[in-house]
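**Q** Here is the input, now give the coordinates:
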Amino acid sequence: MAQIKHHIPKASSAAQETTEVVADLKDQLGDGPFSVLFYFSAGKYDLSEIGKVLSVSYPDIPIIGCTTAGVIDDGGYNQAGICAFGLPEDKFNVAVDLITPVSEIDMVGWRQSARTLVDQLHSRSGDTLAENTFGFLLVDGMSLAEENVLSAIHPELGDIPLFGGSAGDDLKFHETQLFCCGQTVTDGAALILINTSCPFKVFRTQHFVETARKMVITEADPHSRIVKEINASPATEEYARLIGVPHSELTPLTFAKHPVMVRVGGSYYVRSIQRPEGADGLKFFCAIDEGLVLTLAEGRDMTTNLEETMKEIQQEIGVPELIIGCDCIFRKLELEQKGDHRLDEVSEIFKQNNVVGFNTYGEQFSGMHVNQTLTGVAIGWPHD
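**A** Here you go, the predicted structure:
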């Protein structure tokens, strides 16, 4: 069956050797010209090697990629492989900044870098910058720095909408990597501002709603995102009591099924627990602090929620030419727990809406770092 020709080409490969991977991607992507090329890697690939070979095949443009906890390609969810897409030069104008190291806080420098990037793109795009531009942020998923980076750069973007994801490493929680413009880093973030003449919609969706069950963090180590006490009791014991499971049965799947939420500006955002830590602690994917009030969340049907989100997108911009998706790994774990047919249902929705992206260790939306959320940008195509 002949493949549908897209204005924004996307590609995937399951080959084992770097040269074969890049050959597969180039065959599907074509020669461009592109303003930027993105790739996401899951499994035992050398991110740096693939990025450097891609840079030879596509010289003089930014090549940006990251390791993941799984990719989303033409077939939907894929636990191993490489996916990629290129944004055509005639419709997209791009400015890129690599922020490193993010473990050493430099708020003044990061703000200045964001301002410089906005000014750089404004000089090329003119007065329509804000309404025709979105930001994409990739962050080292083991850096614990997402909130710091966001608090520095987001105010400098003004009305430019922002989304993004934290790189993963197949649930090893050992090391995540970014590749940006020839450099491979493990302690960094890449901010990409994309100005386009195409219609687009930056979005987030979550299938959880708040319940009446509250808890207060009474002891914590904010730097390491570890909660030691909840409601003045050992954190693991109190959390297990509130969700109604034995303390010994706290697993990643349990955390995926029973996240907590925080309320910010009248809206609820999901905060996920990564794993038990020590004898009584809980390590979170997002920032926490003593005195923070958490609300237990209750799940709704993910497939229905996703279908409704895609319907809203299509009503606004038509069938997407491409959706860049940052999908929390806990969403996939929840689907796996419910059976392969649920994974297949969501994969089919991704396929129908041209989603390319990856499973993350956290998501960015506007100035917030969140979990168990799908964030992204849906890009349409102008009617010439």
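**Q** Please count neighbours and contacts with C-alpha atoms only from this point.
**A** Noted.
**Q** what comes up buried for stretch 204-224?
**A** Across stretch 204-224, burial judged by 16 or more other CA atoms under 10 Å covers 204-210, 215-220.
**Q** Report the contact partners of the most centrally placed residue in the chain.
**A** Central residue of the chain (CA atoms, centre = their mean): residue 165, 2.2 Å from the mean position. Going by CA atoms under 8 Å, 6 or more residues apart in numbering, residue 165 touches 137-139, 326-327, 360-364, 375.
**Q** Recalculate using a threshold of 6 Å.
**A** 138, 326, 360, 362-364 (CA atoms under 6 Å, 6 or more residues apart in numbering).
**Q** Filter those residues down to the buried ones and hand me the PyMOL line.
**A** Remark: buried members of those, expressed as a PyMOL selection using 16+ other CA under 10 Å:
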select buried, resi 138+326+360+362+363+364
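**Q** Mind checking the pLDDT average for the host helix or strand of residue 134?
**A** In this assignment (DSSP states H and E), residue 134 forms part of strand 133-139. Averaged over strand 133-139, pLDDT sits at 97.
**Q** residue contacts, residue 350?
**A** residue 76.
**Q** From residue 11, how far out is it?
**A** 14 Å (CA to CA, to the nearest Å).
**Q** how far away is residue 107 from residue 361?
**A** From residue 107 to residue 361 the distance is 23 Å (CA to CA).
**Q** Neighbour count for the two, which is higher?
**A** residue 361 (32 against 16; other CA atoms under 10 Å).
**Q** Quick check, pLDDT for the more buried one.
**A** 95.
**Q** With pLDDT as extra columns, can I get the buried residues of stretch 204-224 in TSV?
**A** Formatted as TSV, the buried residues of stretch 204-224 follow (pLDDT from 0 to 100):
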residue	pLDDT
204	95
205	95
206	92
207	93
208	90
209	89
210	89
215	93
216	95
217	95
218	96
219	94
220	93
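**Q** quick check, nearest of those residues to residue 322?
**A** Of all the buried residues of stretch 204-224, residue 322 sits closest to residue 204, with 15.5 Å by CA to CA.
**Q** Please compute how far stretch 100-119 lies from its chain's middle.
**A** Chain-centre distance of stretch 100-119: 20 Å, with CA atoms, centre = their mean, to the nearest Å.
**Q** Hmm, I typed the wrong one, I wanted stretch 337-351.
**A** Counting by CA atoms, centre = their mean, stretch 337-351 comes out at 19 Å from the chain centroid.
**Q** Now do the buried residues in stretch 262-273.
**A** Buried-residue list, stretch 262-273, by 16+ other CA under 10 Å: 262, 268-273.
**Q** Let's see which of the contacts of residue 165 end up in strands.
**A** 138, 326, 360, 363-364 (DSSP state E).
**Q** ok, back up a step: which of the buried residues of stretch 204-224 fall within strands?
**A** Reading strands off the buried residues of stretch 204-224 with DSSP E, I get 204-205, 208-210, 215-220.
**Q** Distance to residue 232 added to those, as a markdown table?
**A** Shown next, in a markdown table, are those (distance: CA to CA, whole Å):
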| residue | distance to residue 232 |
| --- | --- |
| 204 | 34 |
| 205 | 33 |
| 208 | 26 |
| 209 | 25 |
| 210 | 22 |
| 215 | 10 |
| 216 | 8 |
| 217 | 8 |
| 218 | 6 |
| 219 | 8 |
| 220 | 11 |
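**Q** Looking at the residues you listed, which is nearest residue 301?
**A** Nearest to residue 301 among those, with distances taken as CA to CA, is residue 208, at 8.7 Å.
**Q** hmm, back to that, for the buried residues of stretch 262-273, work out which two are farthest apart.
**A** Longest span within these, CA to CA: 268 and 273, 16.1 Å.
**Q** thinking again about what came up before, pairing partners for the strand holding residue 134, with directions?
**A** strand 162-166 (parallel), strand 189-196 (antiparallel) (DSSP bridges).
**Q** in the shortest one, what's buried?
**A** Meaning strand 162-166. For strand 162-166, a neighbour-count test (16+ other CA under 10 Å) marks 162-166 as buried.
**Q** The helix or strand of the chain with the lowest mean pLDDT - contacts with which helices or strands?
**A** The weakest-scoring helix or strand in the chain, judged by mean pLDDT, DSSP states H and E, is helix 252-257 (a mean of 84). Here helix 252-257 touches no other helix or strand, going by 3 or more CA pairs under 6 Å, 6 or more residues apart in numbering; DSSP states H and E.
**Q** now what about it, what contacts it?
**A** With CA under 6 Å, 6+ apart, helix 252-257 has contacts from 273, 330.
**Q** Beyond that helix, next helix or strand please.
**A** Next along from helix 252-257, by DSSP H and E: strand 260-264.
**Q** Strands along the stretch 151-300 of the chain, start to end?
**A** Counting by DSSP state E, counting those that start in this stretch, the stretch 151-300 of the chain has strands at residues 162-166, 178-180, 183-185, 189-196, 200-205, 208-221, 226-230, 233-234, 260-264, 267-271, 273-277, 281-284, 293-299.
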